[in-house]
Each structure stands twice: as C-alpha cells, then as structure tokens.
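*Asks:* Show me how the following folds:
(one chain, ligands or ions: 1)
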Amino acid sequence: MSKYLIGFILLLNFFDLKSEIIKLQTKDLVIVFQTDDHQRLGMVYMGDKLNDDNEYAQIRSAYRYDGANEGIFHMAYTPSGTWNLGEPALSLIHSDGNTSTELLYDSHMTESNMSNVSTTSIVLIDPVYKTKVVLKYKLFYEENVVEQWAEIYNQETGTLRMDKYASANLYLEGEDFYLKHYHGVWAKEMKPETTVLTSGIKTIESKLGARANLLQPPSFVLGIDGPISEDKGKVLLGNLEWTGNFKIDFEIDPYGNLKLIAGINPFASEYSLKAGEKFETPAFVYAYSAKGAGDASRNMHNWARKYKLFDGEGNRLTLLNNWEATYFDFDEQKLVSLFSGAKKLGVDMFLLDDGWFGNKYPRNSDKSGLGDWQENTKKLPNGIPFLVKEAEKAGVKFGIWVEPEMVNPKSELYEKHPDWVIRQKDRPEVYYRNQLVLDLSNPEVQNFVFGVLDTLFTENPKLAFIKWDCNSVIFNAHSAYLEKMKLPQTHLYVDYVKGFYKVMERIRAKYPNVPMMLCSGGGGRADYKALSYFTEFWLSDNTDPIERVFIQWENSFLFPSIASDNHITDWSKVGIKFRTDVAMMGKMGYDIVVDHLDENELTFSQEALKKYDELKPVIWRGDLFRLVDPWENPMAVVQYVSKDKSKSVMFNYVISNRYGAGNSTKPIVLQGLDPNKKYKIQEINVFPGSFKVIDETKVYSGDYLLKVGFNPVLSSRRTSVVLEISEVKN
Ligand code: GLA
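*Replies:* Below is the predicted model of the structure:
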C-alpha cells in the first residue's frame with residue numbers, strides 16, 4: 001500500500017472521529033447526517049438501511065464532490081447570506097438589518113413517548129446572532145414515514161424577519177429522478193404529469209391563499225434512480241401539511257443529485273418574530289419504499305389511518321346528499337320527502353347541502369346570502385331542528401353543509417362587517433364564485449366561524465355530520481385587522497391558515513365525535529394537516545364514474561380510501577351499476593332522487609349498500625393494490641385485501657369505448673393474498689337480470705391467484721365487475 005494511500009485513510013479516520021453522525025432509522029429507511037469540519041450539518045445519506053451500523057461513518061468519504069462546493073448542496077437546512085449561494089431553506093433579516101445566517105450543529109436528542117414513534121430534535125445555532133433552529137424528525141418505524149418540520153427561535157433583542165422558512169430540506173443522491181406531480185382545476189382535479197427532473201429547479205406551488213390546491217396540490221410521487229413503478233424501485237411520496245400557500249422545490253444540482261425544499265410559500269409572506277418568539281413551520285410528511293409506489297402508498301395509508309386522519313380507524317356514515325338532486329331549489333316538504341328515500345335506500349344519513357340560509361338576501365343561488373347563517377324562513381319555516389326531528393322519524397341521521405370562512409358581498413354579514421373581509425378597500429373587488437374570503441387572522445372572525453358551528457350544534461345536538469366547504473381563493477390579499485394591529489400585511493397568508501387551525505382546534509375540542517367532510521369546491525384542499533380535523537374529503541365535484549376512476553386512482557397514492565368521499569350522482573349517463581361500483585372504492589354516498597330510480601335500480605342499490613356494509617372494513621382498512629393502470633390500459637383494476645388476508649375485493653373497469661379494447665383476454669395477477677390459503681371468488685353488485693359468468697364453485701390457491709391470476713371477464717357488456725374473494729377453510 002502506498003504511503004500516500006495510508007495517509008489518506010488516516011485522514012479519513014481523523015475526520016470521522018471528530019464529526020458527529022446522526023442516524024434516523026425506520027424499519028427500512030435511514031437518514032444519516034454528519035457534521036463537516038466547520039460543524040455544519042449535512043445530510044449524507046437517505047435510503048435503504050445498511051446491515052452494519054458502523055459503516056454509515058464512511059459514506060461521506062465515498063463521495064468525491066468538488067471541495068469548494070461541498071456542503072452547498074447537501075445541507076440539512078440551508079441558510080443564506082453566508083457561504084451558500086444556492087436555494088436556501090432559511091433566509092433571515094436580523095434585527096440590525098444584517099442578511100447573513102450560518103447554522104452550526106449544537107446538539108441533538110431523541111424522545112419516544114409512544115411505541116413505534118420517536119422524535120429527534122437537532123439543534124442548529126447561528127454563532128453570531130444566536131438564532132436557533134430546531135429540526136424535528138418524527139419517525140414512524142413500521143410505516144417508514146417521516147414527518148419533518150423546523151422551529152425557528154428569535155434569540156435577538158429586536159425583531160427578526162424571516163423571508164423564507166422551509167419545513168424540510170432533503171438531499172437525495174441518485175441517478176435519475178422522476179417526479180409525478182399534479183395539476184387541475186374545478187372538476188378536473190389530480191391530473192398527473194411525470195417528468196424527469198433536469199438541472200435547475202422545478203417548483204410546485206400555490207399562491208391562492210384559500211382553496212389553495214385548486215390548481216396544484218402539495219402532493220407528489222418521486223421515483224429515485226428510475227421511473228415510478230408500482231412494485232419495484234425507490235419511491236418517495238410527499239405531502240406538505242399546510243392548508244395554504246405552499247412551495248416545493250426540486251433542484252437537480254451540478255452533481256445530478258436532488259435537493260428538495262418544502263414549506264410555506266414565501267411569496268408575499270415575509271414573517272416577523274419579535275424578540276423571544278418562535279415559529280413552528282408546518283410538517284412535511286413523506287413515505288419511503290424501496291419496493292415501489294404500491295408499498296409506499298400502503299405505508300402512507302397505514303400511517304394516515306393510525307396517526308393523522310381524524311378518527312382514521314373509526315366508522316363512517318353512508319349518506320344521501322341533496323346537492324345535485326335539488327341544487328338551491330327546495331323547501332321543507334321537498335327535503336322531508338327525500339328523507340324517506342334515504343331510508344328506503346338504506347343509507348345512514350341525509351346531508352342537507354347549500355341553500356338553507358339567508359333571509360334579507362336568501363341563498364337561492366351562489367350570488368347571495370353566504371355569511372348569513374340563519375335558516376331561510378320561507379324554505380324552512382320550522383328551521384333545522386324540525387328537519388333533524390323529521391329525519392330521525394324517517395330513521396336516518398341528519399347532516400348539514402356550511403361554508404363559514406366565506407361571504408357574498410350581497411349579505412348582511414358583509415354590510416355589517418366589511419372590515420372582516422379580505423379586500424383592498426380602495427380597489428375594485430374581485431370575486432371567485434361571487435364571494436369573498438373572511439379574514440381568519442382576526443380573532444373576532446375566528447369566533448364568528450366557530451360560532452356558526454357551535455350554534456348549529458347547540459340548537460341541534462343530534463346533528464350528525466358537517467360538510468365544510470371553501471369555494472374561493474383569496475384575491476386582493478389585505479387585512480384590516482393586521483393593519484389595525486400594526487402587524488405586517490405579509491403575515492396574512494400564514495395567519496389566515498393559523499386562524500383556520502385555531503377554529504378547527506376549538507371545534508374538535510368541543511365536538512370530538514362528529515364526522516366532518518372537508519370540501520373545497522371539489523378537491524381544493526387536500527393536505528394532511530387539514531385532514532387531522534376531518535374524517536374524509538370530497539375529491540371532486542366531478543362524479544362521472546370514468547373520471548372518478550382516474551381521480552380516485554391518483555388520490556390513492558397519498559390518501560387511504562376511508563378518507564375518500566365518493567358519491568353516486570346523475571352527473572353522467574353511465575348506468576347505476578358502474579357508478580355504484582366506483583363509489584364503493586371509498587366512502588360511499590348518493591346524490592340522487594331515490595324516487596327516480598326504477599325498481600331494478602332501487603333493488604340493486606339496496607343490495608349494494610348491504611354488501612358495502614359487509615365489505616367496508618376491507619375497503620377502508622385493508623391494503624390497497626393498484627393492479628392495472630388506467631392511464632396505460634383500456635382497463636383499471638384495484639384490489640383491497642384485509643390485513644389477515646382472508647378477504648379481498650377486486651374492482652375491474654373498462655374505461656375505453658374502442659372496439660374490443662376492454663376485453664380482458666388475460667387473467668389479472670392478484671396481490672396481497674396468502675399463497676398458502678385457499679380462496680373462492682364471487683361476483684357481487686350484479687344488476688338484476690344479468691347473467692353471472694364467473695364459476696363461483698371453484699376454489700383457488702392463493703399461490704395460483706398470485707402467479708396466474710384471475711380473469712374478471714371484462715367486455716363491452718361487462719364494463720364494471722366487482723369480485724369478492726374469500727378464504728375457504730376446510
Ligand atoms: C361546492 C361543492 C359542492 C356543493 C356546492 C354548493 O361546489 O363542491 O359539492 O356543496 O359547493 O354550493
């Protein structure tokens with residue numbers, strides 16, 4: 001061995017000895033941090049765990065990046081104004097006007113109050129200004145999920161201005177990175193686009209304020225080292241837990257690696273901290289798998305149900321909603337007549353949608369009344385209490401729609417409290433769906449919004465469900481409250497969301513058992529912080545079943561089916577069987593006039609609801625397998641398997657009209673079953689009068705179904721087939 005080489009090895013050992021190494025580990029994932037010789041903390045590895053713990057120390061020395069640039073790209077939390085000239089995670093203006101920040105490693109500790117969950121805090125401190133940043137990593141061991149956020153402490157004597165304050169800064173080393181991100185508008189939510197990341201920064205973001213995900217959600221799927229595949233390769237699924245403006249930057253650096261910075265969008269949102277104050281960023285959550293997107297999704301679903309989604313492992317109510325059945329055109333009699341339809345159908349609840357309120361400016365269209373939360377005395381002379389009672393008499397529960405964050409200019413609320421409205425008073429107002437947004441940074445407005453719900457519950461203790469809507473984006477962002485309090489206007493976007501959370505905290509503290517649907521003109525709000533208050537969410541107003549196959553497919557990457565509200569409506573002409581089958585793949589509901597169903601349709605629906613009741617534990621709490629991708633095939637197939645592998649439901653659809661395209665010529669290979677168990681397969685949701693073509697007497701081994709598969713016999717006459725797969729014990 002040459003003298004030179006021995007010297008080099010010694011140098012590496014010396015370097016390793018004095019550097020701090022922090023390992024964060026879940027079942028399959030490890031994130032390794034290491035300090036450099038300046039005490040800056042770098043993220044040196046993120047990926048599959050090594051067998052030998054001692055070998056993490058040598059990872060850093062295996063990379064030979066240019067010395068001058070080293071550290072710029074892979075920082076654990078990149079500051080700005082000093083040595084780093086790249087995209088920062090943190091950008092500060094100190095109380096004396098100085099724009100430089102350096103963050104050096106100080107200490108770290110790990111706490112674990114729950115089995116399976118631990119939180120590591122890494123403290124970084126600026127040696128000059130003493131600004132403290134605590135990086136928080138909450139690890140969910142079994143699920144391979146990490147929630148990551150930052151706390152920023154102003155330890156100066158004056159005000160600290162934060163120009164950028166990201167939640168997470170990751171550094172991933174790899175060959176190619178494939179990013180699947182989403183875009184859309186009303187009724188066209190969650191359109192995926194996959195791109196190979198190239199040098200420079202690719203950003204997904206929102207600047208819409210409220211209904212922030214109308215054009216883009218803060219969710220993505222990342223293929224590391226290769227294209228995203230369902231059952232192989234490294235995948236990271238991510239979501240920013242923030243119900244407002246977000247920004248996620250994917251930067252490919254000169255070494256071809258990926259620097260990911262996710263957080264609140266700093267656009268028009270410089271935030272000031274007074275001396276002694278701290279700011280906690282929202283969490284960025286990600287699920288990792290080296291076994292493909294399917295495994296990552298199942299991990300994310302397990303995590304969401306257990307730790308995040310409100311009552312994620314609990315029950316849900318099936319319902320009949322009147323929105324598409326009546327729109328704004330209803331009265332007491334009409335509603336009461338729909339209750340019996342709900343009962344006849346067999347759902348748990350009736351949900352009264354928009355249009356029940358406003359007197360001076362009745363809510364007879366979306367042009368007026370929003371904000372005036374008193375029952376319209378013409379439509380509902382006996383108020384909501386009467387409806388709750390009548391529903392009870394009919395044998396169903398009663399739920400109600402609200403949109404308490406918003407106001408029509410044509411309303412008494414607007415006349416009385418123009419200063420509660422977000423607007424620029426010297427400029428023309430700009431409306432979205434004829435409405436404006438209330439200023440939730442104002443505690444009085446928070447009280448008002450809380451009061452809308454509190455009054456409803458106080459007057460109607462048996463109210464069983466809330467659909468909480470949010471239809472407008474924020475134009476003319478200006479707060480009369482912040483102006484009065486002499487606080488910067490740039491706090492508005494952030495304080496709006498914080499105000500929303502304060503209201504939700506109060507609601508959940510007082511009403512911990514009420515299921516609530518998060519709706520935002522369709523899927524305009526889809527983040528895991530909002531979902532910590534809601535039991536479910538409305539993916540889209542688009543309920544055409546073919547469209548829904550795609551929308552639900554994409555949402556399934558990030559969200560478990562128990563969170564997905566799927567309604568059977570008259571939006572499309574496709575037969576009720578197809579619509580029902582698709583709605584069954586989540587939390588099922590109806591938005592139809594039951595009396596308009598013919599006898600066969602009614603019988604079919606009643607039977608389907610009974611079957612759903614039986615199978616919903618598998619659909620809601622089982623493992624999801626996306627078997628046939630509708631973007632690449634004329635078919636879509638999705639399978640749910642119970643955790644004990646004794647029951648499975650397989651949904652099969654033809655989604656193309658092209659001749660012969662939907663004929664399933666080959667069997668579909670199943671997943672998730674136990675190779676050593678035996679199964680029988682039955683077709684369910686069979687429309688009265690249709691022939692069964694599946695031989696239900698046969699018994700198959702799990703091994704066979706996992707290797708050869710099963711043919712659902714899809715064709716242009718059988719465009720939707722649902723199969724129940726049950727263990728046979730002998
Ligand atoms: C939004 C929702 C719909 C319905 C209407 C009522 O568009 O997405 O489901 O509640 O508002 O105005």
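*Asks:* where's stretch 583-591 relative to the chain centroid, distance-wise?
*Replies:* 18 Å (C-alpha atoms, centre = their mean, to the nearest Å).
*Asks:* May I have the distance across that stretch, first residue to last?
*Replies:* 11 Å (C-alpha to C-alpha, to the nearest Å).
*Asks:* do stretch 518-535 as well
*Replies:* End to end - C-alpha to C-alpha - stretch 518-535 spans 8 Å.
*Asks:* same deal with stretch 224-236?
*Replies:* Using C-alpha to C-alpha, the two ends of stretch 224-236 sit 8 Å apart.
*Asks:* again, but for stretch 670-685
*Replies:* By C-alpha to C-alpha, one end of stretch 670-685 lies 20 Å from the other end.
*Asks:* ditto for stretch 362-378
*Replies:* 9 Å.
*Asks:* so where does the closest residue to the ligand within the stretch 601-730 of the chain fall, helix or strand?
*Replies:* The nearest approach of the stretch 601-730 of the chain to the ligand comes at Ser605, 20.5 Å away (C-beta to the nearest ligand atom). C-beta: built from backbone N, CA, C; applies to glycine. Using DSSP states H and E, Ser605 falls within helix 599-621.
*Asks:* helices and strands around that helix, which ones?
*Replies:* helix 332-345, helix 576-583, strand 587-591, strand 635-641, strand 647-654 (3 or more C-beta pairs under 8 Å, 6 or more residues apart in numbering; DSSP states H and E).
*Asks:* can you do 7 Å?
*Replies:* Under the contact criterion of 3 or more C-beta pairs under 7 Å, 6 or more residues apart in numbering; DSSP states H and E, helix 599-621 touches helix 332-345, helix 576-583, strand 647-654.
*Asks:* could I get those as TSV with mean neighbour count, distance to the ligand and mean pLDDT?
*Replies:* TSV is the format used below for those (neighbours: other C-beta atoms under 10 Å; distance: least, C-beta to the nearest ligand atom, whole Å; pLDDT from 0 to 100):
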stretch	mean neighbour count	distance to the ligand	mean pLDDT
helix 332-345	19	15	97
helix 576-583	24	15	98
strand 647-654	25	24	98
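*Asks:* how about the ones you listed in CSV, adding distance to Glu205?
*Replies:* Listed next are these as CSV, based on distance: least, C-beta to C-beta, whole Å:
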stretch, distance to Glu205
helix 332-345, 42
helix 576-583, 31
strand 647-654, 33
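*Asks:* Quote the end-to-end distance of stretch 488-496.
*Replies:* 13 Å.
*Asks:* remind me which residues of the protein are low pLDDT?
*Replies:* In the predicted model, the chain carries pLDDT under 70 at residues 1-17, 67, 70-71.
*Asks:* OK, contacts around the residue most central in space within it?
*Replies:* The centroid of the chain falls nearest to Asp527 when counting by C-alpha atoms, centre = their mean (3.6 Å). Taking C-beta atoms under 7 Å, 6 or more residues apart in numbering, we find Asp527 in contact with 218, 239-243.
*Asks:* again, but for Ser648
*Replies:* Neighbours of Ser648 in contact, by C-beta under 7 Å, 6+ apart: 618, 639-642, 672-673, 725.
*Asks:* Identify the bridge partners of Val196.
*Replies:* Beta bridges link Val196 to Tyr178, judged by DSSP bridges.
*Asks:* what do you get for Tyr182?
*Replies:* Pro192.
*Asks:* Enumerate every residue touching the residue in the stretch 551-700 of the chain positioned nearest to the ligand.
*Replies:* At 8.2 Å from the ligand, Asp591 is the closest residue in the stretch 551-700 of the chain, using C-beta to the nearest ligand atom. Counting by C-beta under 7 Å, 6+ apart, Asp591 touches 321, 323-325, 567, 569.
*Asks:* Likewise for Asn542?
*Replies:* 187-188, 522, 551, 571.
*Asks:* Please apply the same query to Val728.
*Replies:* 678-680, 699.
*Asks:* Quick check: residues of this protein near the ligand?
*Replies:* 323, 353-354, 366, 401, 469, 471, 519, 521-522, 538, 541 (C-beta under 6 Å from any ligand atom).
*Asks:* domains for this protein, by residue range?
*Replies:* Domain ranges of the chain: 3-308, 347-514, 624-727, per automatic domain parsing.
*Asks:* chain center to the shortest one: distance?
*Replies:* When distances are taken as C-alpha atoms, centre = their mean, domain 624-727 is centred 28 Å away from the chain's centroid.
*Asks:* What are the buried residues along stretch 437-452?
*Replies:* 437-442, 445-446, 448-450, 452 (16 or more other C-beta atoms under 10 Å).
*Asks:* sorry, that was for stretch 623-643
*Replies:* So, applying 16+ other C-beta under 10 Å, buried residues of stretch 623-643: 623-628, 630, 634-642.
*Asks:* ok, and the closest non-adjacent residue to Leu597?
*Replies:* Ser605 (6.6 Å; C-beta to C-beta, 6 or more residues apart in numbering).
*Asks:* residues contacting the one you found?
*Replies:* Counting by C-beta under 7 Å, 6+ apart, Ser605 has contacts 345, 576, 580, 597.
*Asks:* could the buried residues of stretch 437-452 go into JSON lines alongside distance to Asp36 and secondary structure?
*Replies:* Below are the buried residues of stretch 437-452 laid out as JSON lines (distance: C-beta to C-beta, whole Å; DSSP: H, G, I helix; E, B strand; the rest coil):
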{"residue": "Val437", "distance to Asp36": "46", "secondary structure": "strand"}
{"residue": "Leu438", "distance to Asp36": "49", "secondary structure": "strand"}
{"residue": "Asp439", "distance to Asp36": "46", "secondary structure": "coil"}
{"residue": "Leu440", "distance to Asp36": "43", "secondary structure": "coil"}
{"residue": "Ser441", "distance to Asp36": "41", "secondary structure": "coil"}
{"residue": "Asn442", "distance to Asp36": "46", "secondary structure": "coil"}
{"residue": "Val445", "distance to Asp36": "48", "secondary structure": "helix"}
{"residue": "Gln446", "distance to Asp36": "45", "secondary structure": "helix"}
{"residue": "Phe448", "distance to Asp36": "52", "secondary structure": "helix"}
{"residue": "Val449", "distance to Asp36": "48", "secondary structure": "helix"}
{"residue": "Phe450", "distance to Asp36": "49", "secondary structure": "helix"}
{"residue": "Val452", "distance to Asp36": "54", "secondary structure": "helix"}
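*Asks:* which ones among the contacts of Asp591 are found in strands?
*Replies:* With DSSP state E as the criterion, strands contain 321, 567, 569 from among the contacts of Asp591.
*Asks:* Same list (those) but as a markdown table, adding distance to Asn154 and neighbour count.
*Replies:* What follows is the ones in strands among the contacts of Asp591, written out as a markdown table (distance: C-beta to C-beta, whole Å; neighbours: other C-beta atoms under 10 Å):
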| residue | distance to Asn154 | neighbour count |
| --- | --- | --- |
| Asn321 | 48 | 27 |
| His567 | 48 | 25 |
| Thr569 | 51 | 21 |
